[in-house]
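A.B. asks: need a structure here:
(2 chains)
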There are 2 protein chains.
Amino acid sequence: MLSLAAHSLCVRATGYQQSLRSIATVISGNKTSKIVRERLKKEVEKMASQFSGFRPGLVVLQVLHSIMSVNENACVHGLIVQLPLDSANCIDTELVTNAVSSQKDVDGLSCINAGKLSRGDLNDCFIPCTPNACMELIRQTGVFVAGKHAVVIGRSKIVGAPMHDLLLWNHATVTTCHSKTPDLPEQVGRADILVVGAGRAEMVRGEWVKEGAVVIDCGINHVPDETRPSGKRVVGDVHYSSASQRAGYITPVPGGVGPMTVAMLMENTVQSAQRFLLKLRR
Amino acid sequence: MLSLAAHSLCVRATGYQQSLRSIATVISGNKTSKIVRERLKKEVEKMASQFSGFRPGLVVLQVLHSIMSVNENACVHGLIVQLPLDSANCIDTELVTNAVSSQKDVDGLSCINAGKLSRGDLNDCFIPCTPNACMELIRQTGVFVAGKHAVVIGRSKIVGAPMHDLLLWNHATVTTCHSKTPDLPEQVGRADILVVGAGRAEMVRGEWVKEGAVVIDCGINHVPDETRPSGKRVVGDVHYSSASQRAGYITPVPGGVGPMTVAMLMENTVQSAQRFLLKLRR
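C.D. replies: Predicted coordinates:
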């Protein structure tokens, strides 16, 4: 079991790069996630002072010991199942995901949490960490979401589908695009806010992007790069150098959505622990 | 308890009106729902012949006797809670909706069923009756949904939100519009398939509609009409006479989505009974 209070991440905090006229402002996930983690640290300290020795507990299961026993363990407030499941035998991923108690499902992947999010009950569910991270980064820009046209590329359970929900219930008009969308450049061109979770290296070209748009890139792709000692480098789903010429705000890869996603997992676990304590008091 | 085998609805079956050049083909919910009900009748007869005396059972609760006892009653395969709840005291509608067993939730409104639908597990859930009806009517036109741009107006739990899901997982690129959408006419103008569940009489004007679009109108609004004995008439959310000049296919109100919605409730109940029998056999 990981204990959040003891959890420490190696973070490089970079200063916010202010935009030159024609180049997008970089939305730093490193910087924002550091702020979140510092806030969470204080909240954990507060809980520990109110309930002596209390610590939010998070369990990450990689093989299936016993979800049920973790569900019932009062010291654990968050439980995530690392996918794909590490098993020699075929396992029904849906069945496993839904075996996690919806009260501890800090990944927000069970159908109970997905159902609440998709139907707008945002205060009564766990929001999956990547979309939650994207939303937090969008908020950082100061751009209002309500009334904007948002475009999401991808409809995965972890990124695209919940991202659609989150933008919709923050009152954007939302278009979801995917592999069957025939006119992706035109759809992207209408986006005031663009979130990409397609899993294809640099597929969104800068010339597609609407002037001044907020561009959030969830992609993590390894591409060959002979100039690097490792022989490869990490790029997003957006062609960064061209997109940053047109976007108003853009997340880098790495250092954008990634570190914020980890911070949001901590956030959800702390939130779960707070709900647990709230029930104890009643 | 209603028994489906004994259930009969007063239906006027109208012939399909073939379009004149410039006028949309009318998608008749009356006609299509009759076909569905005839098919369901045969399926119910088949079940009764295989399991002597077996009948799909549907319960409609208007006041809260006991959801739990209905959940456990093996003779009931579908349970819907009539909203708004008829009660002198304040009742948490969410709590009640989610108390219905997800295996009997033929309205598809529990968060478990909503979660499955929103994340693409369409074969493992109950689809809410109105969107299911719309999808069936769209299929009737012969227009392929995959790759089309669909626009949904409204994001309610009963119509708009599940309609988005259904179109998305049938591989349309889907835009959801709502009260906060500032450029509704432009959004509507891009729709190859338009589904309207806004609850506002004739709000979608014909001149907004894309030439040749499929227009599905879920609205049921009563407007004053002094020429009628009742002093009012029923209209949809789409201004029918102008929209039918531009659409390729359009549902009338009444006689469009309404009768199909009832047929879909029967469909879900029969499906639930079939799943029940399948489990018995194992």
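A.B. asks: make it CA atoms for all contacts and neighbour counts henceforth
C.D. replies: Will do.
A.B. asks: can you count the residues close to whichever residue of the stretch 151-282 of chain A sits closest to chain B?
C.D. replies: In the stretch 151-282 of chain A, the residue that lies nearest chain B is A:Thr175 (4.0 Å; Cα to the nearest Cα). For A:Thr175, the neighbour count with other Cα atoms under 10 Å in any protein chain shown is 28.
A.B. asks: helices and strands around the host helix or strand of it, which ones?
C.D. replies: Following DSSP states H and E, one finds A:Thr175 within strand A:173-177. When contacts are defined as 3 or more Cα pairs under 8 Å, 6 or more residues apart in numbering or on different chains; DSSP states H and E, strand A:173-177 packs onto strand A:149-153, helix A:160-169, strand B:173-177.
A.B. asks: Mean pLDDT and distance to B:Gln271 for those - can I get that in TSV?
C.D. replies: Shown next, in TSV, are the helices and strands packed on strand A:173-177 (pLDDT from 0 to 100; distance: least, Cα to Cα, whole Å):
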stretch	mean pLDDT	distance to B:Gln271
strand A:149-153	98	34
helix A:160-169	98	27
strand B:173-177	98	28
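A.B. asks: Just put those in JSON lines and tack on distance to A:Met135.
C.D. replies: Formatted as JSON lines, those follow (distance: least, Cα to Cα, whole Å):
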{"stretch": "strand A:149-153", "distance to A:Met135": "12"}
{"stretch": "helix A:160-169", "distance to A:Met135": "8"}
{"stretch": "strand B:173-177", "distance to A:Met135": "18"}
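A.B. asks: Nearest to B:Ser244, out of those?
C.D. replies: Among the helices and strands packed on strand A:173-177, the nearest to B:Ser244 by Cα to Cα is strand B:173-177 (21.3 Å).
A.B. asks: Identify the neighbouring strands of that closest one in the sheet and state each direction.
C.D. replies: Using DSSP bridges, strand B:173-177 pairs in its sheet with strand A:173-177 (antiparallel), strand B:149-153 (parallel).
A.B. asks: now the angle from the strand holding A:Thr175 to helix A:160-169?
C.D. replies: For strand A:173-177 and helix A:160-169, the angle between their directions (axes from the mean of the first three to the mean of the last three Cα atoms, to 10 degrees) works out to 170 degrees.
A.B. asks: which ones are touching the residue of the stretch 151-282 of chain A closest to chain B?
C.D. replies: With contact set as Cα atoms under 8 Å, 6 or more residues apart in numbering or on different chains, A:Thr175 has these partners: A:149-152, A:164, B:173-176.
A.B. asks: and if you look at A:Ser22?
C.D. replies: Here A:Ser22 is in contact with A:245-246 (Cα under 8 Å, 6+ apart).
A.B. asks: can you check A:Gln103 too?
C.D. replies: By Cα under 8 Å, 6+ apart, the neighbours of A:Gln103 are A:77, A:272.
A.B. asks: hang on, the earlier thing: report the beta-bridge partners for the residue of the stretch 151-282 of chain A closest to chain B.
C.D. replies: Beta-bridge pairing for A:Thr175 (DSSP bridges): A:Val151, B:Thr175.
A.B. asks: Would it be right to say that A:Lys157 lies in a strand?
C.D. replies: No: judged by DSSP: H, G, I helix; E, B strand; the rest coil, A:Lys157 forms no part of a strand; its state is coil.
A.B. asks: Excluding residues flanking it in the chain, which one is nearest it?
C.D. replies: Of all residues not flanking A:Lys157 in the chain, B:Arg119 sits nearest, at 5.9 Å (Cα to Cα, 6 or more residues apart in numbering or on different chains).
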